[in-house]
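Peer 1: coordinates only, sequence not included:
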Ligand SMILES: Cc1cc2nc3c(=O)[nH]c(=O)nc-3n(C[C@H](O)[C@H](O)[C@H](O)COP(=O)(O)O)c2cc1C
């Protein structure tokens with residue numbers, strides 16, 4: 001059982017959990033660019049882990065530090081999954097209290113849990129009883145009409161009292177009725193000040209901010225007030241932003257890898273995947289943004305999109321896409 005509230009994980013920069021996007025292939029590529037960033041898996045439900053047929057906890061050893069994000073609200077099931085994950089070597093368990101989708105609401109987890117702080121506290125307690133790794137919570141600043149600062153602090157205090165000392169806060173509320181998950185990432189306005197206020201009032205907690213961050217400069221600004229920044233869509237759509245995380249945010253003096261150097265390091269991993277019967281587009285779909293902002297990036301993207309899904313597509317598709325950029 002966790003005896004201390006302090007964890008040694010570097011939370012300066014993390015990549016948000018994103019279903020279908022931050023799978024182990026994307027995470028491997030991200031890790032090539034930064035040794036320091038903290039990775040989160042896509043949300044995995046307790047039901048999938050306990051009853052599913054696949055191995056939902058599989059990852060590459062190179063991915064550490066790696067947090068498993070769990071979706072669920074049954075304390076017993078969450079504890080089973082947390083223990084399995086800790087035994088498999090995950091560095092952190094994160095509970096999803098931010099996802100607004102209907103499917104998730106029907107399962108009574110995700111953002112709707114903000115209205116049930118005691119239940120979240122119970123879940124945190126149950127997980128902390130069986131693992132030594134940190135148990136953290138990713139949440140919103142509010143839900144529906146419940147978006148006052150006292151609503152947020154009551155949630156945070158209740159969960160803190162169960163032993164959670166690390167919160168990742170998506171700085172916009174979720175509308176649980178009427179907005180799709182995608183709209184819920186765009187329509188409710190961002191309120192960074194509310195997250196800053198939280199850190200000011202609870203300096204002993206580790207507070208990371210999430211939502212709308214698009215550059216390392218913006219990260220630096222947030223880091224003057226907070227413990228960490230979590231980046232989602234920009235880290236996926238423009239993954240090369242990760243190449244300077246260590247140098248710009250974490251004080252590393254290692255040379256920054258070029259895009260081509262990242263590609264070169266990624267190729268043996270892709271080849272291994274192909275040799276074991278995997279398909280190219282399982283990996284290449286995460287690479288289409290690698291040259292974003294560079295001349296020829298559209299050519300790269302198009303060639304991969306048009307060719308990587310074809311049966312038998314191999315590494316030559318990637319090589320040709322790169323060559324086409326300079327034609
Ligand atoms: C495709 C996609 C899938 C997502 N899946 C999850 C998820 O599994 N768990 C979660 O907590 N948030 C999920 N999110 C929300 C992100 O983690 C993040 O909170 C949100 O995108 C805001 O950050 P950003 O503006 O940097 O993208 C997802 C977002 C996207 C775009």
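Peer 2: Everything's here; your move. Computed from a prediction, not measured in an experiment: that's the story for all the values here. Numbering: from 1, shown residues only.
Peer 1: The ligand contacts on the stretch 1-150 of the chain?
Peer 2: By the rule CB under 6 Å from any ligand atom, the part of the stretch 1-150 of the chain lying against the ligand is 16-21, 42-43, 69, 96, 98-99, 138. In this view, the C-beta of every residue, glycine as well, is placed from N, C-alpha and C.
Peer 1: now, among those residues, which is nearest to residue 219?
Peer 2: Residue 219 has its nearest neighbour among those in residue 16, at 13.0 Å by CB to CB.
Peer 1: Run a quick neighbour tally on the closest one.
Peer 2: Counted by other CB atoms under 10 Å, the residues lying close to residue 16 total 24.
Peer 1: Report the contact partners of it.
Peer 2: 22, 40, 210, 230, 231, 232, 235 (CB atoms under 8 Å, 6 or more residues apart in numbering).
Peer 1: Of the residues you listed, which belong to strands?
Peer 2: Among these, the members falling in strands (DSSP state E) are 40, 210, 230, 231.
Peer 1: one step back: reformat the residues of the stretch 1-150 of the chain next to the ligand as TSV; add pLDDT and distance to residue 59.
Peer 2: Below are these laid out as TSV (pLDDT from 0 to 100; distance: CB to CB, whole Å):
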residue	pLDDT	distance to residue 59
16	98	17
17	98	13
18	97	15
19	96	16
20	97	16
21	98	15
42	98	11
43	96	14
69	98	12
96	97	18
98	91	22
99	88	21
138	98	19
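Peer 1: Run a quick neighbour tally on the closest residue to the ligand within the chain.
Peer 2: The nearest approach of the chain to the ligand comes at residue 232, 2.7 Å away (CB to the nearest ligand atom). Residue 232 has 21 neighbours, counted by other CB under 10 Å.
Peer 1: If you count contacts, what does the helix or strand harbouring residue 199 end up packed against?
Peer 2: Assessed by DSSP states H and E, residue 199 sits inside helix 192-201. Contacts defined by 3 or more CB pairs under 8 Å, 6 or more residues apart in numbering; DSSP states H and E place helix 192-201 against helix 149-160, strand 166-170, strand 206-210.
Peer 1: quick one: it near the ligand?
Peer 2: No: if you take CB under 6 Å from any ligand atom as the test, helix 192-201 misses the ligand, and the best it gets is 11.8 Å.
Peer 1: Enumerate the positions of that helix that are buried.
Peer 2: For helix 192-201, the buried set under the neighbour-count rule, 16 or more other CB atoms under 10 Å, comprises 192, 194, 195, 196, 197, 198, 199.
Peer 1: now the helices for this structure?
Peer 2: Assigned by DSSP state H, the chain shows helices spanning 24-33, 46-51, 75-87, 102-106, 117-130, 149-160, 192-201, 216-223, 233-237, 245-249, 259-275, 280-284, 297-307, 315-325.
Peer 1: Now the weakest link among the ones you listed, please, by mean pLDDT.
Peer 2: Between the helices of the chain, the one with the least mean pLDDT is helix 102-106; it has a mean of 72.
Peer 1: coming back round to it: winner for burial among the helices and strands packed on helix 192-201?
Peer 2: strand 166-170 (a mean of 26; mean count of other CB atoms under 10 Å).
Peer 1: quick one: that strand near the ligand?
Peer 2: Yes: Strand 166-170 comes into contact with the ligand (CB under 6 Å from any ligand atom), by way of residue 170.
Peer 1: Using a markdown table, please lay out the helices and strands packed on helix 192-201 together with distance to residue 178.
Peer 2: Shown next, in a markdown table, are these (distance: least, CB to CB, whole Å):
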| stretch | distance to residue 178 |
| --- | --- |
| helix 149-160 | 20 |
| strand 166-170 | 18 |
| strand 206-210 | 23 |
